[in-house]
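Trainee: Fold the following.
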Amino acid sequence: MKPDFFTRLIPAGLAALIMAACTQISDTPLQQQAAAQASQNANTSMVKTTSPDGRIELTVGSDGGQPFYSITRDGEEIVSRSRLGLRFARGLDLDRGLSLTRSTETRKDETWEQPWGEKRFVRDHHKEIAATFTADDDSGRTYTLRARVFDTGVGFRYEVPDTGPRILVDEITEFSITPDGMSWWTPAGEFNRYEYIYETTPVRDIYRVHTPYTVKLDKADGPYIAIHEAALVNYAGMWLDQRRAGVLEAELAPRHDGSKVHVEGAFNTPWRVIQIADTAAGLINGSDIYLNLNEPNKLGDTSYFKPGKYIGIWWGMHINTMTWGSGPKHGATTENTKRYMDFAAENGFDGVLVEGWNIGWDGDWFNNGELFRFAEPYPDFDIKAITDYGREIGVQLIGHHETSANIANYEAQLEDAFQLYKDMGVKAVKTGYVADASDLVIHDEDGIRRYAWHDGQERVVHDIKVLERAHAYGIAVNAHEPIKDTGLRRTYPNAVSREGVRGMEFNAWGSPPNPVEHQAIIPFTRMLSGPADYTPGIFNLMPNGPDNENRVQTTLAKQLALYVTLYSPLQMAADLPENYEANPEPFQFIRDVPADWENSIALMGEVGDYLVQARQERGSRDWYIGAVTDEDARTLTVPLGFLDAGTTYRAEIYRDGDDADWETNPYPVTIETRAVTARDELVLPLARGGGAAVRLVAESGLD
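Mentor: Next comes the predicted model:
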């Protein structure tokens, strides 16, 4: 596993949204910088560059033939000298005996528009150096390290020229950080993919972890960093392995044969990224560094996808009121789907997800992925009648493909599966890859069944293939049991959401269920990488009874707040329709809240403790606020300075009732309305495990 670094900071307040593109390029031979950048050691050569605001400094160099980099911020060490390099089973190694022979510098400042997202406009402002390392012998070994330094972090990648086929077995990229920092992480290389409860430990106590890996460095007030990767294409996903205290090395998920990456010619690694922020909220505000390190849209027109909210024949399977397989409790029936579509139409929802509609769910589907037939409905599911009915009332069917991680079976049926959905007018599909993490079924070049790793190169290649084929049929993809997001939604805008986190279903049957602090951790960790289909909105918080361990460990008001704090352009109302019908007053917030945003600002928060998130509706002056807390009750004072000056807003506040408590009394919600302006503050009392959701409707000063 080899690291991905993104360092990123976002200024508080609303930045200018549209900037003129401005690029300056200078080609600076290393010898011209020798006086300023050579070390005292004659065998060491270095080049330096800074972020546009000058606070972050990146050094890249070679010492005794060993390439390295380091990062400081405001003169303080963030990443100490760390090794760089690649090793091959086939091909010459690129980790030692290399000198820095040339560097170029580029500057860029431009703003681009997202078709959907947490914000409409994204500013890409960075300095870039391209540092070329060349072998000290006559082997011809060489590569370029391309690094971009933003005000919010650093990203770099290896660019290796064509020397024929190569088999990569190790990436030597290191991240040397203080072992005393506090960090939040889930284990990598274990059976349940990314679906683990977050650990909170000092850096020195981790072993092998997934990214994004978030650390508060060893100062009382930060700074904060997050290590991740961007633009994961035709490569293996990166884990972080602690080799010595504070020395994290990139470890790549294996292929089926134990090697890491096979390449045929010239190749680029994903970007290794280190975000850097003064505050925990600054990590969230700086997370579009991953988008900026991805290529622009290569698919073309993806307007077939529209962000929105959906309900689903899904939660009933988890609480055992329905089944995926056929039989007396089968959820995916024509009658039941039409009932859900009626509820969606009555409440302004865009779609209905249906799981268990196709042949293959009977028996042990977890271990029998070959049985799934993606274009063959069960007899009690008339897909044409259902989609015709949905068209009449303005509700789309959201498709579902569970593969049990048998990608060989799925790819063999991909064209037929997408053709059926296109014929039925289905515009989005939820895919699933439920299996142990090392049990991904592939067929090798000889047609032999092999078992690959969940986030290894074979799966990375498969996922891109699915996105490209889905686009050919006008379909967007919401992947569950996915590879982590690395900003590829910029390049493939039909990659609209994904799971990759311990989601809501664990509250129905997990042991233990998601802890109270869970939703106050994932915005600062997993969700730095992109949207998450967490499936919030459970109103019956104890579906298995009050004495059962499996319950939702939040208040009802916190479930509302999650629609703002946990972003997805496909946002689910996950509970059964009857539970919403029984609670129309709090349900009104879910009906109102949008799923597409003009701008987003994390206002305050601490990892694992609390978060206050504000978002402006796309194409509107209305704003929404979500606030969540952990096991501690707290009162938060939220300044409203992000609102338009001179405008009066109607604040519709949904907060925990005065005696609410996630454990003893989770249901009380107090609903209040008041007029506010940008000069005001909102005081939000949050219960234990509680939250608040606020709709801010612009009522005056609109000219």
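Trainee: Every contact and neighbour count from this point should use C-alpha atoms.
Mentor: Will do.
Trainee: Endpoints of stretch 89-98, how far apart?
Mentor: The first residue of stretch 89-98 is 19 Å away from its last residue (C-alpha to C-alpha, to the nearest Å).
Trainee: where in the protein is pLDDT low?
Mentor: 1-43, 701-703 (pLDDT under 70).
Trainee: residue boundaries of the helices in it?
Mentor: With DSSP state H as the criterion, the chain has helices at 34-37, 280-285, 289-292, 315-318, 334-346, 383-393, 407-424, 457-472, 506-509, 556-565, 577-581, 584-592.
Trainee: which residues touch residue 191?
Mentor: 436, 437, 438 (C-alpha atoms under 8 Å, 6 or more residues apart in numbering).
Trainee: again, but for residue 439
Mentor: The contact partners of residue 439, taken as C-alpha under 8 Å, 6+ apart, are 405, 451, 452, 453, 454.
Trainee: Closest one to residue 254 out of those, please.
Mentor: residue 453 (6.0 Å; C-alpha to C-alpha).
Trainee: In this structure the closest one contacts residue 258, no?
Mentor: No: counting by C-alpha atoms under 8 Å, residue 453 sits too far from residue 258 to count as a contact (9.4 Å).
Trainee: Comparing the two, which shows the higher neighbour count?
Mentor: Using other C-alpha atoms under 10 Å, the more surrounded residue of residue 453 and residue 258 is residue 453, with 25 against 11.
Trainee: quick one: contacts for that one?
Mentor: Residue 453 neighbours (C-alpha under 8 Å, 6+ apart): 253, 254, 255, 256, 437, 438, 439, 440, 459.
Trainee: now the helices of the chain in a markdown table, with mean neighbour count and distance to residue 534?
Mentor: What follows is the helices of the chain, written out as a markdown table (neighbours: other C-alpha atoms under 10 Å; distance: least, C-alpha to C-alpha, whole Å):
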| stretch | mean neighbour count | distance to residue 534 |
| --- | --- | --- |
| helix 34-37 | 12 | 48 |
| helix 280-285 | 26 | 17 |
| helix 289-292 | 27 | 20 |
| helix 315-318 | 19 | 12 |
| helix 334-346 | 19 | 19 |
| helix 383-393 | 17 | 25 |
| helix 407-424 | 18 | 24 |
| helix 457-472 | 20 | 20 |
| helix 506-509 | 21 | 11 |
| helix 556-565 | 28 | 9 |
| helix 577-581 | 14 | 18 |
| helix 584-592 | 17 | 15 |
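Trainee: In CSV, list those along with distance to residue 619.
Mentor: As requested, those are exported to CSV (distance: least, C-alpha to C-alpha, whole Å):
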stretch, distance to residue 619
helix 34-37, 49
helix 280-285, 20
helix 289-292, 22
helix 315-318, 32
helix 334-346, 23
helix 383-393, 25
helix 407-424, 29
helix 457-472, 26
helix 506-509, 35
helix 556-565, 17
helix 577-581, 28
helix 584-592, 15
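Trainee: So which of those helices is nearest residue 608?
Mentor: Taking the helices of the chain one by one with C-alpha to C-alpha, helix 280-285 is closest: 10.2 Å.
Trainee: Give me the packing partners of the closest one, helices and strands only.
Mentor: Contacts defined by 3 or more C-alpha pairs under 8 Å, 6 or more residues apart in numbering; DSSP states H and E place helix 280-285 against strand 224-230, strand 271-277, strand 597-606.
Trainee: which other residues reach it?
Mentor: Outside helix 280-285, the residues that touch it by C-alpha under 8 Å, 6+ apart are 8-11, 224-226, 275-277, 523-524, 528, 600-607, 611.
Trainee: you'd agree residue 503 is up against residue 534?
Mentor: Yes: using C-alpha under 8 Å, residue 503 is in contact with residue 534, at 5.0 Å.
Trainee: Write the PyMOL selection for whichever of the contacts of helix 280-285 are buried.
Mentor: PyMOL command restricting the contacts of helix 280-285 to the buried ones, with burial defined by 16 or more other C-alpha atoms under 10 Å:
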select buried, resi 8+9+10+224+225+226+275+276+277+523+524+528+600+601+602+603+604+605+606+607+611
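Trainee: Export the contacts of residue 191 to CSV and append columns for distance to residue 162 and neighbour count.
Mentor: Shown next, in CSV, are the contacts of residue 191 (distance: C-alpha to C-alpha, whole Å; neighbours: other C-alpha atoms under 10 Å):
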residue, distance to residue 162, neighbour count
436, 36, 17
437, 32, 22
438, 31, 22
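Trainee: Return the closest of those with respect to residue 322.
Mentor: residue 436 (24.5 Å).
Trainee: so what's the closest one closest to, chain neighbours aside?
Mentor: Distances taken as C-alpha to C-alpha, 6 or more residues apart in numbering put residue 191 closest to residue 436, at 4.9 Å, once the chain neighbours are dropped.
Trainee: Just read off the phi/psi values of the one you found.
Mentor: phi -70, psi -30 (degrees, to the nearest 10).
Trainee: So what's the residue count around residue 233?
Mentor: 17.
Trainee: Start the count at 813 instead of 1 going forward.
Mentor: Renumbered: residue one is now 813, and that last one reads residue 1045.
Trainee: so what's it up against?
Mentor: Going by C-alpha under 8 Å, 6+ apart, residue 1045 touches 1082, 1272, 1273, 1276.
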